[in-house]
Every structure is written in structure tokens, then in C-alpha cells.
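1. just to be clear, the model below is a prediction. Sequence and coordinates:
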Amino acid sequence: MKDISGQMRGIRWLFLLAGMLIVLPANATHNRAGEITCKQISDFTYEVTVTTFTYTLSMADRPQLEVQWGDNTTSIVNRVGKVELPNYYRRNTYIARHTYPGPGVYKIVVQDPNRNFGVKNIPNSVNVIFSIQTVLMINPALGQNSTPILLNPPFDKAAIGHIFIHNPTAYDPDGDSLSYSLTICRKENGEPIEGYTFPPASDTLYVNPVTGDLVWDSPVDSGIFNVAINISEWRDGVKIGNIERDMQVNVYTTDNHAPQNQPVPDMCVMAGDSISVEVTSTDVDMDSVYQYAFGGPFVVEDHKAAFTRVAADTGFSRSLFTWQTTCMHVRKQPYQVVIKSWDNNAQLSLVDMTNFHIRVLGPPPENLRLRSSSNFIRVSWSPGVCDTAVIGYRIYRKTGYSGYTPDSCVAGIPPEVGYKLVGKTNAPTDTFFIDDNNGQGLQQGTDYCYMVVGVYPDNSESVPSEEVCGTLIQGTPVLIHVSVLETDPVEGKIFVSWAKPTHLDTIPANGPYEYKIYRSTGIWGEDFKEIFSFTTADLNDTTFIDSLFNTKDFAYTYRVELYNDEPGNRFLIGTPDEASSVFLYPEPNDRRITLHIRKNVPWINKTYVVYRQNKNTMQFDSVGVTSDSLFTDAGLINGEEYCYRVISYGAYNKSGLPDPIVNVSHDNCGVPVDLTPPCPPDLTVISFCDSLYNQLMWTNPQHTCGDDDVAYYTVYYKSTIDGELQKLTDIQDPNDTSFLHFPESSMAGCYAVSATDKVGNVSDLSAVVCVDNCSYYEIPNVFTPNGDNINDILRAKTHRFVERVNMQIYNRYGMLVYQTDDPLIKWDGKYMGKNTLVPPGVYYYLCDVYEKRLTGTEVRNITGFIHVITEKGAKVSTETIGK
């Protein structure tokens with residue numbers, strides 16, 4: 001069954017509007033502004049508040065409004081309050097609760113037929129329904145999500161030649177980020193108004209996307225204008241909803257000047273600090289000035305801000321903004337405070353509006369302490385003053401001291417400082433963390449530094465703690481060498497050495513001791529096997545040469561374990577980190593070889609010296625130095641073999657260990673070969689509808705990229721936009737860069753071209769270029785079915801890309817006289833297949849044309865008139881004469 005609820009609703013509004021136009025005078029129009037806001041009550045239940053601003057002198061009133069919830073249901077909502085505002089504005093509040101069927105995106109729409117008469121930028125505004133909407137996203141994965149609320153009512157006046165500013169003062173109770181933009185005012189069902197234009201300005205009209213200021217600089221015409229502000233809500237970079245305020249601005253001619261606010265700078269404070277800021281406004285016309293303030297600090301649940309007038313004189317006013325912040329005020333987004341000054345001018349009161357922002361930061365955790373063992377570090381701290389507001393802590397780690405000092409307005413740790421998240425706790429009382437590198441153990445010889453931040457309910461982070469650094473207790477061997485001595489598939493050799501423990505606890509482990517050496521193939525140490533062990537009394541024997549294995553094709557990783565080997569008291573003292581040999585992987589390309597330097601070591605390699613074997617002396621000569629794990633040796637000859645060796649220079653981030661640590665890679669060879677494909681051609685496609693072919697033209701990579709070895713091109717084609725590209729043909733001449741395609745069933749299609757060089761490297765495809773069928777279908781507007789064999793048949797001008805039509809021809813009384821699905825139509829002027837002609841005259845047709853298009857079959861609707869001319873005395877059907 002078709003859903004006709006939208007149609008019925010439209011009919012209901014149509015009759016309601018028609019009735020109002022009949023019975024209401026012009027001053028019955030009343031709706032000036034409005035918005036819809038939502039507060040989440042439970043998982044799928046929301047309390048929705050509709051706020052409208054109406055003209056108090058209007059006869060029209062709305063004690064009830066219909067709300068379209070966006071889930072194919074509606075409700076009649078009662079007004080729960082009305083407040084009289086300046087400038088003949090009334091604020092009407094309607095509140096209702098609605099439970100949605102489940103997660104989704106819902107568009108809530110409210111409309112009122114009583115939009116104000118005479119809005120200059122809305123054609124025939126009195127007959128255009130006033131409509132506002134809010135888009136609500138319900139997603140349990142997002143957590144609680146209420147829309148922003150708008151705290152500053154829109155009732156201020158504007159003047160020709162004077163800048164007008166309005167700020168809705170949006171406050172998001174969830175702490176989500178907000179952005180602002182202009183949008184088009186809406187009509188029935190939330191659709192944009194056709195013919196709507198933004199109010200004219202001498203310079204510009206815009207909305208500041210960050211502050212929300214609507215700036216009209218400046219009005220050039222008096223009268224009534226409507227504008228709409230879209231407020232988008234963002235969480236973690238994802239848009240989660242938006243609300244719109246449609247508002248009326250009345251523009252007048254006046255000699256008055258708006259008052260001026262002295263700017264207030266943005267500020268950052270630590271939770272618990274108090275704020276006291278004086279705000280001064282002046283008026284050049286010496287009118288009395290009144291100041292008002294709006295913003296989140298005035299509506300927070302705990303310790304609201306105050307705004308108190310402290311001094312006033314002719315043309316002058318000063319007020320004091322005060323706010324005692326608490327830990328409950330900490331959040332990611334700053335609080336906006338909007339200052340509005342209003343002059344009491346006898347002719348016309350004008351306003352100035354400025355804003356400033358307050359960032360409330362969470363205080364840092366205190367007393368950060370480290371306690372080291374041989375393979376982990378215990379991190380502990382004190383909660384700080386906001387222990388009841390945080391929901392947990394995040395622990396960050398960095399190798400080496402950063403010296404970072406937080407800026408006065410920065411929370412968390414900026415990525416450029418180099419700290420990485422290594423752990424977290426999920427309760428405010430969990431104030432310690434064991435860092436064992438996810439069970440893998442930390443590295444000996446490394447200086448580990450930590451900072452801790454508190455986490456608040458909106459996922460914001462506090463100011464970080466002080467930076468504290470420490471190292472592991474060196475109670476285990478520390479690997480320093482895994483160096484290849486001999487590269488050979490059978491008789492390879494690797495030198496392994498380590499530094500002996502310097503802080504060994506000899507009370508439980510008083511010797512003798514045993515070293516066990518383990519080896520694993522590859523650089524990641526996935527399958528260790530013991531290859532050697534020996535006993536020592538003083539731990540001074542710290543070297544081993546591993547031999548008789550394949551060092552040509554494989555890297556190897558080593559681990560050394562230290563045991564207390566006392567009879568009856570044998571145990572593992574500790575295991576150092578693993579270290580691999582340096583392994584070279586040559587990647588050949590056109591006249592060059594790129595060396596990938598692979599390793600897995602606990603120290604930091606700072607420099608690699610690259611050597612290439614001299615084919616004359618057979619010695620390895622230095623050809624370059626790099627600090628990266630990639631090195632490209634260029635200017636080579638394709639087809640010749642080149643052999644390489646790398647020596648690495650590194651160190652631990654700890655004193656007392658060898659510096660530099662020097663290790664030699666195995667030798668590896670490669671042969672440069674052309675593996676670089678040509679650059680992709682640039683493709684252009686032109687359709688020739690009369691000749692029914694598509695012409696493809698593309699660029700030669702030799703001319704655009706300097707590729708001189710293109711052998712041929714391949715053309716690809718698909719008939720629909722969703723299809724898969726298939727090979728159409730090869731163009732064997734590299735200088736031939738065009739192709740004519742004569743499609744069999746449809747001109748619509750998508751094309752791409754690739755280039756292949758002489759050794760078989762294929763370029764990326766060009767950008768896919770699509771063309772559509774030519775829209776060609778014409779119905780003559782006159783024909784003469786008079787039997788003279790000239791223009792006796794109404795025949796459409798078409799092409800083969802029209803599959804069928806649904807042609808219906810009516811007389812002026814709405815009676816169907818002819819119908820066909822033949823694209824050529826071929827109407828002989830007779831009524832419904834009878835052998836009598838329709839009367840001469842003008843006939844109206846509706847024609848649905850089903851055309852083959854790029855996206856498949858599409859329907860195009862055509863309407864028009866046909867003049868039927870017959871000779872005098874021809875037989876005429878009386879059945880077509882309506883009454």
C-alpha cells in the first residue's frame with residue numbers, strides 16, 4: 001500500500017492555508033522566528049522543546065502545534081508557556097516527549113501557516129508556510145546526545161547603513177563542538193523556499209563558523225527580512241545532528257548609532273579558579289545603555305555565573321561578570337559568553353553584540369612517582385583536586401626526556417611532544433599502573449619518561465602531570481652486538497655480545513651463573529631455539545660467535561638468558577630484549593636499487609653507512625650515509641648486478657653502555673630493471689549524437705611525463721556507472737592517442753585508458769570519464785489528420801535510446817483521447833482507436849519517456865500541447881466533447 005500520509009498532510013495544510021487566506025486579515029500573520037531543541041531522557045526517549053517568536057499584536061495565536069517526529073508519526077503539542085519580550089515579540093514554548101523506535105537519523109519538523117506578511121526576501125511570504133527543523137541522530141555508540149540550546153532570543157532591530165550582529169548563543173550540554181553557517185529558510189515539510197534570497201548588504205552577510213555571529217554589513221533597504229542559521233553538532237570529528245533558527249530582522253531608517261562594547265579577551269582557567277571581568281559599553285549618542293549577558297556559564301547546574309551592573313552614566317554602562325568555576329565545569333569545548341548592549345533611544349533602539357570564550361581546564365594529577373624493576377616500571381600518582389570529577393586516568397610514555405611544559409591553555413599532551421598512550425585506569429581511585437610493555441617487558445638501557453592526565457566524562461583530558469623519567473634496574477644482560485662476520489649460505493658467521501648485569505642482586509643469586517644463547521630465524525624472533533650455553537663464575541665472558549649456517553638469505557634474532565646455576569637454587573635471573581642482525585632487502589627499479597634496511601633491536605640506530613662492492617677491486621666502498629631505513633642508489637646500469645653491505649651505528653639512551661654500538665649487515669645483491677610504469681594518460685571523451693559515436697582522446701605520457709618507452713594503449717569501457725570496466729581494444733601505435741567508439745545499444749558509458757611500456761609495465765588507469773546518452777525526444781505541437789497523406793500522423797522525433805513511453809493525450813475537459821507506449825506515438829488523430837477523428841483544437845499531453853542512461857533506465861516527464869487541424873467537413877467524434 002502506498003504511504004499517502006505526506007500527501008494527506010499536504011492537503012490538510014493546503015485547505016488550512018486557503019481558509020486562512022479567506023478569513024484572516026493581514027495583521028493575523030504573526031510568526032517571526034523559531035527553533036527546535038531536544039533533550040535525551042533515556043535511550044530512545046527525548047523531550048522536545050519547540051520555541052517560536054510571534055508578533056504580539058497579531059490576531060493569530062497558536063495554543064497548539066503539530067510536530068512531525070521524523071519516524072512517520074506526528075503529535076499535537078500544547079503550549080506550556082509564553083513570555084512577552086521587547087519589540088512586540090512573544091516567546092512561545094511547546095514541550096512534548098517522544099519515544100523513537102530505535103537508532104537512526106530523524107528530521108523533526110514543525111510548521112505554521114502564519115508566516116509574517118511582507119517579508120522582502122521571501123516571495124509572497126504570507127502564503128509561505130513557516131517551517132523549522134532539527135536533525136537528531138540516535139546512536140547508542142555515541143552515548144547521550146542532546147541538541148544545543150539557544151540562549152539569546154532574536155528580537156533586535158537593524159538600521160540601514162549600520163552593522164547588525166546577532167548571536168544565538170548556542171550551548172551544548174554534552175560539550176559537543178558546534179559550527180555555524182547560513183542556510184535557506186524553509187517552507188512546508190522542511191523544504192527550502194523557492195526564490196528565497198539572502199538579505200541585501202552593502203558589503204557582506206555571513207555567519208562566523210566558530211563564534212556563531214550573524215553579521216549583516218550592512219542593510220541597504222528597510223523592511224522585514226528573514227534569515228536562517230544552521231548550527232551543526234560534532235563529536236570526535238563526526239557530525240551528529242543540527243538545529244536551525246529561522247529569524248526575522250526588521251530594518252529601519254534612523255540617525256541613531258548602536259552602542260559599542262569594549263572587547264573582552266578569551267581566557268583559560270584551572271577548575272577551581274574564580275573569574276571576575278569588567279565589561280564596559282558606551283554610546284556616542286549619549287543614550288542610556290543597558291547590558292545583558294548570555295551563555296553556558298549562566299545555565300550550568302553547579303555554581304552559575306553572575307552579571308551585575310556596577311556603574312552607569314549617560315552614554316555609559318559597566319557590568320561585572322563573575323564565575324566561580326568548579327571541577328564539574330571541565331570540558332573539551334570552551335564556554336561562550338555573549339555580551340549584548342542596548343541603547344534606550346527614543347527613535348530606535350539598537351544593539352551591539354560581542355563574545356568571549358572561557359576554557360576550563362582540569363588540574364593535573366600530582367606527585368608522579370616511578371618504581372623500577374628489571375623489566376617493568378610502576379607508575380603512581382595522587383589524584384589532584386578534581387578527584388571526584390574525573391572518570392579515570394591515561395598514562396603516556398616517551399623514550400627520552402622531552403622537557404615539555406604545558407601552555408597555559410592546553411589540556412592533554414600534544415602529539416608533537418612524542419608521547420604515546422600506554423595505559424589507562426577506569427576509576428578515579430585507580431592511581432597506579434604497571435608498565436610492562438603489554439607483557440613483553442621494557443627494554444634495558446632505555447630512559448623511560450611518563451606523564452599522566454585525568455579523563456573527564458566528555459573524554460576531555462586534564463593538564464598533564466609533571467614529566468618524570470626512569471630506567472630499568474640492570475639486573476639482566478644487555479645485548480649490544482649482533483654483527484655478521486661472514487655472508488655465506490652454509491658457512492655464515494654472526495658475532496653476538498652483551499653487557500653483563502651491573503646491579504645484580506647477589507643475595508638470592510650468588511652464583512655460579514649460566515648464560516643460555518637462543519636464536520630464531522627472521523628479525524621478529526618467533527621460534528627461538530637454544531644453540532649454546534656456558535657456565536661462568538664472574539659473568540665477564542659476554543661474547544659468542546655463531547657459525548655454520550645460512551647468513552646470505554636470512555636474518556637472525558638472538559636472546560641471552562641468565563640463570564643462577566647453584567645446585568638446589570637454580571632459577572632464571574632475567575631475559576634481555578631480543579636483537580636481530582641487520583638485513584638488507586634490495587628493491588630493483590629502473591637504473592636504481594632501493595635498499596630496505598630491516599632490523600629489530602632494543603637500542604636506537606642513528607646512522608647507516610652504505611657500502612657497494614667495487615667490481616674491479618672486489619672491496620666494499622662507501623656510497624652513502626642515511627638515518628632512515630631506506631637508501632636509494634641511483635645512476636646504475638640496468639641488467640648489471642650490484643652488491644651491498646651496511647654498517648649501523650647506534651646507542652642505548654642510557655649512560656654506562658657502549659656508544660656507539662656498531663653492527664655489520666650481511667651482503668646482498670640486486671639487479672636494476674625497469675619496473676616503473678608510464679604515468680597514466682589524461683582522457684577526454686566527446687559524444688557525437690548525430691553520428692552515434694563517442695570520441696576518446698588522451699595524452700601521450702612521453703609528452704607529459706617524459707616516458708619514452710610507451711608501447712601501446714589499452715581502452716576500457718563499461719556501459720553503466722555501476723558496472724565493471726572491461727577491455728575494449730588495444731591501440732598498438734604509441735603516437736595514436738584517439739579512438740572512435742560506436743556503441744551498439746547506448747551512447748552512455750564510462751571509459752578509461754592505460755599505457756604499457758616496452759617491458760610490460762602498465763600505468764595506472766586514467767581517470768574514468770563517463771558520458772550519458774543524448775536527451776533527444778521531440779513531440780510536434782501540430783499535425784493535420786485530414787487524409788492528404790501529408791502530416792497525417794503525429795510522430796515523435798526520437799532515437800534508439802528511448803525504450804518506451806507512456807503517452808496520454810487529453811482534451812480540454814480532461815478526457816483521455818489517446819494512449820500508447822510506442823516511442824514514435826503514431827497517433828492518427830482518431831479517438832481511442834475508433835474510425836472517427838477528434839474535433840480540431842488544442843489537446844494536452846503527459847508523456848513519461850523511458851530512456852537508457854548511464855545509471856540505467858530513467859524516466860523523463862514531458863508535458864505540452866498539440867494542435868489538431870482537420871479539413872472542413874471531416875468526420876468528428878462527439879464523444880470527445882466534454883461538458
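-> All right, it came through fine. Numbers count the residues shown, from 1 in each chain.
2. residue 520 looks like it's in a helix, true?
-> No - counting by DSSP: H, G, I helix; E, B strand; the rest coil, residue 520 is not found in a helix; it is strand.
3. gap between it and residue 542?
-> 20 Å (CB to CB, to the nearest Å). Placement of C-beta: from N, CA and C, glycine included.
4. likewise for residue 548?
-> Applying CB to CB, one obtains 22 Å for the distance of residue 548 from residue 542.
5. those two - which one has more neighbours?
-> Set residue 548 next to residue 542 and count neighbours by other CB atoms under 10 Å: residue 542 wins out with 18 against 10.
6. contact partners for the more buried one?
-> 477, 497, 498, 499, 500 (CB atoms under 8 Å, 6 or more residues apart in numbering).
7. again, 6 Å this time
-> By CB atoms under 6 Å, 6 or more residues apart in numbering, residue 542 lies in contact with 497, 498, 500.
8. pretty sure the second one contacts residue 476?
-> Meaning residue 498. No - the pair residue 498 and residue 476 fails to qualify as a contact (CB atoms under 6 Å) at a distance of 9.2 Å.
9. test my guess that residue 447 contacts residue 653.
-> Yes - with contact defined as CB under 6 Å, residue 447 and residue 653 form a contacting pair (4.6 Å).
10. shared neighbours, those two?
-> residue 400.
11. what about the contacts of residue 542, which one has the most neighbours?
-> Neighbour count (other CB under 10 Å) singles out residue 498 as the most crowded of these, with 23 neighbours.
12. what pairs with residue 135 across the strands?
-> Taking DSSP bridges, one obtains residue 107, residue 242 as the residues bridged to residue 135.
13. that one: neighbour count?
-> Based on other CB under 10 Å, the number of other residues close to residue 135 is 21.
14. against residue 30, how distant is it?
-> Residue 135 sits 26 Å away from residue 30, taking CB to CB as the criterion.
15. check contacts around residue 198.
-> In this structure, residue 198 makes contact with residue 205, judged by CB under 6 Å, 6+ apart.
16. specify the local secondary structure of it.
-> Here residue 198 is recorded as coil under three-state DSSP.
17. just to be sure, residue 189 is in a helix?
-> Yes - counting by three-state DSSP, residue 189 is part of a helix.
18. contacts only, for it.
-> So residue 189 contacts nothing (CB under 6 Å, 6+ apart).
19. repeat for residue 361
-> Residue 361 makes contact with 270, 411, 463 under the criterion CB under 6 Å, 6+ apart.
20. that older thread, redo the contacts of residue 542 as JSON lines? Include distance to residue 862, secondary structure and pLDDT.
-> What follows is those, written out as JSON lines (distance: CB to CB, whole Å; DSSP: H, G, I helix; E, B strand; the rest coil; pLDDT from 0 to 100):
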{"residue": "497", "distance to residue 862": "88", "secondary structure": "strand", "pLDDT": "96"}
{"residue": "498", "distance to residue 862": "86", "secondary structure": "strand", "pLDDT": "93"}
{"residue": "500", "distance to residue 862": "92", "secondary structure": "coil", "pLDDT": "85"}
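21. and which of those residues is nearest residue 158?
-> Set against residue 158, the nearest of these by CB to CB is residue 498 (80.0 Å).
22. that closest one and residue 471, how far apart?
-> Distance from residue 498 to residue 471, counting by CB to CB: 17 Å.
23. now swap in residue 728 and tell me
-> From residue 728 across to residue 471, the span is 66 Å (CB to CB).
24. same question, residue 844
-> Counting by CB to CB, the gap from residue 844 to residue 471 is 91 Å.
25. now swap in residue 228 and tell me
-> Distance, residue 228 to residue 471, by CB to CB: 61 Å.
26. show me which of these two is the more surrounded one.
-> residue 228 (24 against 20).
27. now do the helices in this protein.
-> Assigned by DSSP state H, the chain shows helices spanning 5-23, 701-704.
28. lowest average pLDDT across those helices?
-> In terms of mean pLDDT, the lowest-scoring of these is helix 5-23 (a mean of 35).
29. check contacts around residue 672.
-> 588, 591, 592, 593, 636, 638.
30. which pLDDT value does the model give residue 510?
-> Looking at residue 510, the pLDDT reads 74.
31. please name the nearest non-neighbouring residue to it.
-> By the measure of CB to CB, 6 or more residues apart in numbering, the closest residue to residue 510 outside its immediate chain neighbours is residue 566, 6.7 Å from it.
32. list just the nearest of the contacts of residue 361 to residue 349.
-> Lowest distance from residue 349 to the contacts of residue 361 (CB to CB) belongs to residue 270, with 39.8 Å.
33. any idea how far residue 498 is from that closest one?
-> According to CB to CB, residue 270 and residue 498 sit 49 Å apart.
34. what do you get for residue 90?
-> From residue 90 to residue 498 the distance is 84 Å (CB to CB).
35. same check on residue 580?
-> Distance from residue 580 to residue 498, by CB to CB: 14 Å.
36. repeat for residue 440
-> From residue 440 across to residue 498, the span is 19 Å (CB to CB).
37. and for residue 659?
-> Distance from residue 659 to residue 498, by CB to CB: 15 Å.
38. which residues of the stretch 651-800 of the chain fall in strands?
-> Secondary structure of the stretch 651-800 of the chain (DSSP state E, counting those that start in this stretch): strands located at 661-664, 668-670, 683-688, 693-698, 710-718, 726-731, 738-741, 749-757, 769-771, 782-783, 794-795.
39. of all those strands, which lies closest to residue 64?
-> Smallest distance to residue 64 across the strands of the stretch 651-800 of the chain (CB to CB): 51.5 Å, for strand 769-771.
40. what comes up buried for the closest one?
-> Buried residues in strand 769-771, counted by 16 or more other CB atoms under 10 Å: 769, 771.
41. what count of nearby residues applies to residue 567?
-> Each residue near residue 567 was counted by other CB under 10 Å, and the total is 6.
42. which pLDDT value goes with it?
-> pLDDT for residue 567: 86.
43. ok, residue 708 next?
-> Note for residue 708: predicted pLDDT of 68.
44. again with the one 3 residues further on
-> The predicted local distance difference test score for residue 711 is 93.
45. so what's it closest to, chain neighbours aside?
-> Using CB to CB, 6+ apart, the closest residue to residue 711 is residue 758 (4.8 Å).
46. from residue 465, how far out is that neighbour?
-> Distance from residue 758 to residue 465, by CB to CB: 63 Å.
47. and these two? which has more neighbours close in?
-> Using other CB under 10 Å, the more surrounded residue of residue 758 and residue 465 is residue 465, with 26 against 12.
48. thought the more buried one was touching residue 370?
-> No - using CB under 6 Å, residue 465 is not in contact with residue 370; the gap is 11.7 Å.
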